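Colleague: coordinates only, sequence not included:
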């Protein structure tokens, strides 16, 4: 019987076996929500890049560059980390090199060992769950967190996702987050207004981003990593 | 305004400032529950020791030795890690050297920097909360976890404890666990039957230990660390 488990922070990744597993990376506010939105709106591919300098180098090669640190667009970048920059297909056909505080780091930690890396967001949660229900691989959900710390919105996604998949498991983190999602799902936005990263975004007047990132099943597309590039499945 | 925050695993301790804080160490199944029970039942003091060999050496010096690994009493030890071994004051007046899989490790990680180390358990949660309500220090609750992994029973204690203290905070782990405690408090034992460590103990027929560790406010005593020894306050 294949399993599902949750890694609550990249700092705990060494406690989990990655090899052979399908890894779902989640950074709800906002990297994974932005990746799903961008690709569902026609962006050709996204290259996750760990640091700003490396990302800037792609500008000369015709890529759009998206960079964010601590919730704000980095100097000299075409884009920050807002999913709303992509919703009207403005960037359809473009190639994007993207670096974010937490999300791209989480991808880099698992990409060499995982059998497949997928990007999870509330925006496509059912599509991703339906895709994975048919597979026999063990699943590991990796929460990007905030600078190594536990983030409630990423963890809640893990609980919601496990419930959508419906597998038995013996993972306390998954158990706790399933129960928390059960008790908060009727007021997800209200509950997550109190999350530390939601407050950070509110300070930058990014409430619309928060609401959008918490929209369930806006997209049917699935995003995966292939040869270091994020693409639609 | 002083704060409260939760460290969900000893593996995340480097992300938290410890210096100057009051640290509450919690290992509900069973180290911290056993420490509180033992001292509330007349044990003179407990020396937390990191490894079995070091613990054995105290035997010759007249100490009782308590040792557990992976939920079972270690060979040659007087006691395992069951709180029920202490409830009838059988060991009143004794000095106990104790080593456990997770709890004593968590203590050793914080004891040099914390302004005070206290032991938290559901068994004395209100007494401890009332003691700390009167203090102005920042509080850090450290969950012992299971070999570095998140444990739901320790995390739930952190949520219950924060609610009992009633401080504002900006800690996502505390926020999540307060909400989870709110939704599970009317059936705490039922919910925690599904926890991974509860299942481990059930496999060893330790259901009575589980029930006892989840008893709220059995004791009014407070346990703290002084000169490396756990004692009643």
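Modeller: Received it, and whenever you're ready, just let me know what you need. Note that this is a predicted model, so its numbers are computed, not measured.
Colleague: quick one: low-confidence ranges for chain A?
Modeller: Applying pLDDT under 70 to chain A flags no residue at all.
Colleague: host element of the closest residue to residue A:48 other than its chain neighbours?
Modeller: Spatial nearest neighbour of residue A:48, chain neighbours left out: residue A:104 (4.1 Å); criterion: C-beta to C-beta, 6 or more residues apart in numbering or on different chains. No exception for glycine: its C-beta is placed from N, CA and C like everyone else's. Assigned by DSSP states H and E, residue A:104 belongs to helix A:103-110.
Colleague: what's that helix packed up against?
Modeller: strand A:22-26, helix A:31-40, strand A:45-48, strand A:139-143 (3 or more C-beta pairs under 8 Å, 6 or more residues apart in numbering or on different chains; DSSP states H and E).
Colleague: strand partners of the following helix or strand past it, parallel vs antiparallel please.
Modeller: Per DSSP H and E, the first helix or strand lying C-terminal to helix A:103-110 is strand A:116-120. Here strand A:116-120 has these sheet partners by DSSP bridges: strand A:22-26 (parallel), strand A:223-226 (antiparallel).
Colleague: name the residues that touch the shortest one?
Modeller: It stands for strand A:223-226. Residues external to strand A:223-226 that are found in contact with it (C-beta atoms under 8 Å, 6 or more residues apart in numbering or on different chains): A:35-36, A:39, A:48, A:107, A:111, A:116-119, A:124, A:230-233.
Colleague: list the buried residues in the following helix or strand past it.
Modeller: Sequence-wise, the next helix or strand downstream of strand A:223-226 (DSSP H and E) is strand A:229-232. Residues of strand A:229-232 classed as buried: residue A:230 (neighbour count, 16 or more other C-beta atoms under 10 Å in any protein chain shown).
Colleague: and the contacts of strand A:229-232?
Modeller: Residues contacting strand A:229-232 (C-beta under 8 Å, 6+ apart): A:35, A:39, A:40, A:45, A:46, A:47, A:48, A:119, A:221, A:222, A:223, A:224.
Colleague: for the last one, grab the count of nearby residues.
Modeller: Other residues lying near residue A:224 total 17 when counted by other C-beta atoms under 10 Å in any protein chain shown.
Colleague: and for residue A:205?
Modeller: So residue A:205, with other C-beta under 10 Å, has 8 neighbours.
Colleague: please apply the same query to the one 3 residues further on.
Modeller: Neighbourhood size, residue A:208 [other C-beta under 10 Å]: 12.
Colleague: so which of the contacts of strand A:223-226 comes closest to chain B?
Modeller: Checking those against chain B with C-beta to the nearest C-beta, the nearest one is residue A:107 at 20.4 Å.
Colleague: roughly how far does the closest one sit from residue B:179?
Modeller: Distance, residue A:107 to residue B:179, using C-beta to C-beta, to the nearest Å: 29 Å.
Colleague: now swap in residue A:158 and tell me
Modeller: 15 Å.
Colleague: of the two, which one has the most company?
Modeller: Between residue A:158 and residue B:179, counting by other C-beta under 10 Å, residue A:158 is the more crowded of the two (29 against 20).
Colleague: the more buried one is in what secondary structure piece?
Modeller: helix A:152-165.
Colleague: got the buried residues for that helix?
Modeller: So, applying 16+ other C-beta under 10 Å, buried residues of helix A:152-165: A:152-163, A:165.
Colleague: filter those residues by proximity to chain B?
Modeller: Contacts with chain B within the buried residues of helix A:152-165, counted by C-beta under 8 Å from any C-beta of the partner chain: A:152, A:155, A:156.
Colleague: what's the closest non-adjacent residue to the first one?
Modeller: Spatially, and ignoring its direct neighbours in sequence, residue A:152 is nearest to residue B:172 (4.2 Å; C-beta to C-beta, 6+ apart).
Colleague: and that neighbour, backbone torsions?
Modeller: The phi/psi pair for residue B:172 (degrees, to the nearest 10) reads phi -60, psi -40.
Colleague: surely it is in contact with residue A:149?
Modeller: Yes: using C-beta atoms under 8 Å, residue B:172 is in contact with residue A:149, at 7.1 Å.
Colleague: neighbour-wise, which of those two wins?
Modeller: residue B:172 (26 against 22).
Colleague: so which helix or strand takes in residue A:212?
Modeller: Short version, using DSSP H and E: residue A:212 is in helix A:207-213.
Colleague: can you list contacts of that helix?
Modeller: A:28-30, A:33, A:37, A:82-84, A:87, A:121-123, A:153, A:189, A:192-193, A:198, A:201-202, A:218.
Colleague: which of these are buried?
Modeller: Buried among the contacts of helix A:207-213 (16+ other C-beta under 10 Å): A:28-30, A:33, A:37, A:82-84, A:121-123, A:153, A:192, A:198, A:201, A:218.
Colleague: now, among the residues you listed, which is nearest to chain B?
Modeller: residue A:153 (8.3 Å).
Colleague: just checking, that closest one touches residue A:197?
Modeller: Yes: counting by C-beta under 8 Å, residue A:153 touches residue A:197, with 6.7 Å between them.
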